[in-house]
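In: Sequence first, then the predicted structure, then my questions.
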Amino acid sequence: MNAAAGADQRIPALLLCLAALVAGCTDATSGDDATTPSTATTTTTAPDADSTSTTALAGDSPAPVVVVGRSNHRADGNRLLEGPAAITRSPPTVIDLPAPARWVVGVDGVDDTAWVTVASDGTVTAVAPDGVTRPSGSVDLGLDAPVVVLDQGDIAVVGSSSRSESTLPGAITVENEAGVRAWIGEPTNRYAHAVLGDDLEGGALVIEHGGARVTVTLTETVIEGTAPLLADLDGDGTDEVIVTESNADEGASLVAYRLDGSVLARSTAIGTGNRWRHQIAVAPTGIDGEMELIDVQTPHIGGIVQFHRLDEERLVTAIGVSPYRSHVLGSPNLDLALVVDADGDNTLEVVVPTQGLGSIAVLERIDGAVRLDAEIGLPAGLTSNIAARTTGSLVELAAATADGSLLIWRG
């Protein structure tokens, strides 16, 4: 999955950089009417005694570390941000990096660090709130997403799989405030799509809640992704667990599971193998504030941003627009798109790169259409995810480009 580095296999994430940071498809809908349910087996067990949402860094105090930055923004995996941003209202601050960044992470609650960047060779650079940069060692993320943690006053960059119970390379465990935790497990190579760069996909979904562990073992599909998404689709006050399931005959569909492992709803499959859906967020983007599940269908082929609504046992596509790109084929970086009030007008927008990665689009869901509110040109092609951090009630956004620039849109 590490396209930039050319890696052809997953590498365990290393806990490095300790203390260094402190020192310095072109239609709007698929057109496929049939939905193919997956065959799955659900089992319920007690969680492992040592199951925990935090880890201690090797050689340090066993006290839990605190996450101060993650590329996917939220612990529940929902790329929905609260607070207005200003990506359309003011030009970005441009910071020169020593090398183009593959990853950018916004850091909250640390006085001397606002952003952390990771280059393709693992070089880590810390960026202070005033824009001053400092070298901060290196980290071998392999196929992991970066997580920035604070441990005993020191900052470290660690790989996402080091904080997950899953054996799927690059896996991320998601959790919500109600104590629900979920991850993708049981790696399998039975579906040779390799959209994330290697031949391993998830063969099971694991959900922990209320002192029980529910495992949904798939037999005819796989889960294409590194993390579930937790969100309340049906408005009953309890989050569902959302994943993208695929097989060689029908391609990808979105599936929302209840916490007991039963299926609440699923979308129509694309209808052709080797066609993927990239789940982005669940947000109240409907015309009357209805919750919708937003994805990008076939982001490498026409890239259709779609808004899906729950209709009994189905996720129905309300509308879509193309061409946009939320993922680079073969990359483990799944964080190129998010949902936020991008222009301060009290309306949520989807922020997503254009298909050629030369600009960033701001899309607003309106009655009967998806409107392009703005398209922000970049000085060179996008090389990173779109990162975010909260400052007071405002959201700052940042992204890196191929000329070695870090662009920061301040609130």
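Out: Thanks, I have the structure now.
In: Where does pLDDT dip in the chain?
Out: Counting by pLDDT under 70, the low-confidence segments of the chain come to 1-39, 48-63, 411.
In: what about 80?
Out: Confidence mapping of the chain against pLDDT under 80 gives the ranges 1-40, 46-64, 151-153, 197, 411.
In: State the three-state secondary structure for Ser161.
Out: In three-state terms, and counting by DSSP: H, G, I helix; E, B strand; the rest coil, Ser161 is helix.
In: same check, this time on Asp236
Out: Going by three-state DSSP, the state assigned to Asp236 is coil.
In: what's the burial count for it?
Out: Using other CB atoms under 10 Å, Asp236 is surrounded by 10 other residues. For the C-beta atoms, the positions are set from N, CA and C on the backbone; glycine is no exception.
In: so what's it up against?
Out: Contact analysis of Asp236 by CB atoms under 8 Å, 6 or more residues apart in numbering lists nothing.
In: 10 Å instead, please
Out: Taking CB atoms under 10 Å, 6 or more residues apart in numbering, we find Asp236 in contact with Arg258, Leu264.
In: got it, and the one 5 residues further on?
Out: Going by CB under 10 Å, 6+ apart, Val241 touches 76-77, 174, 180-183, 205-207, 209, 214, 216, 228-231, 255-259, 261, 264.
In: So which of those belong to strands?
Out: With strands taken from DSSP state E, the overlap with the contacts of Val241 comprises 174, 181-183, 205-207, 209, 214, 216, 229-231, 255-257, 264.
In: Next, work out how far apart Val395 and Gly170 are.
Out: Here Val395 is placed at a distance of 26 Å from Gly170 (CB to CB, to the nearest Å).
In: Neighbour count for those two, which is higher?
Out: Using other CB under 10 Å, the more surrounded residue of Val395 and Gly170 is Gly170, with 29 against 26.
In: what's around the nearest residue to Ser322 once chain neighbours are set aside, how many residues?
Out: Nearest non-adjacent residue to Ser322, counting by CB to CB, 6 or more residues apart in numbering: Ile304, 4.3 Å away. The number of residues packed around Ile304, counting by other CB under 10 Å, is 23.
In: So in terms of bridging, what pairs with Ile304?
Out: Beta-bridge pairing for Ile304 (DSSP bridges): Gln297.
In: cool, Thr44 as well?
Out: Applying DSSP bridges to Thr44 yields these beta-bridge partners: Val214.
In: so it touches Ser262, yeah?
Out: No: because the distance of 11.6 Å does not satisfy CB atoms under 10 Å, Thr44 is recorded as not touching Ser262.
In: Packing partners of whichever strand or helix holds Gly320?
Out: Taking DSSP states H and E as the criterion, the element that holds Gly320 is strand 314-321. When contacts are defined as 3 or more CB pairs under 10 Å, 6 or more residues apart in numbering; DSSP states H and E, strand 314-321 sits against strand 251-257, strand 263-267, strand 292-297, strand 304-311, strand 359-366, strand 369-377.
In: let's see it at 7 Å
Out: Using 3 or more CB pairs under 7 Å, 6 or more residues apart in numbering; DSSP states H and E, the elements in contact with strand 314-321 are strand 263-267, strand 304-311, strand 369-377.
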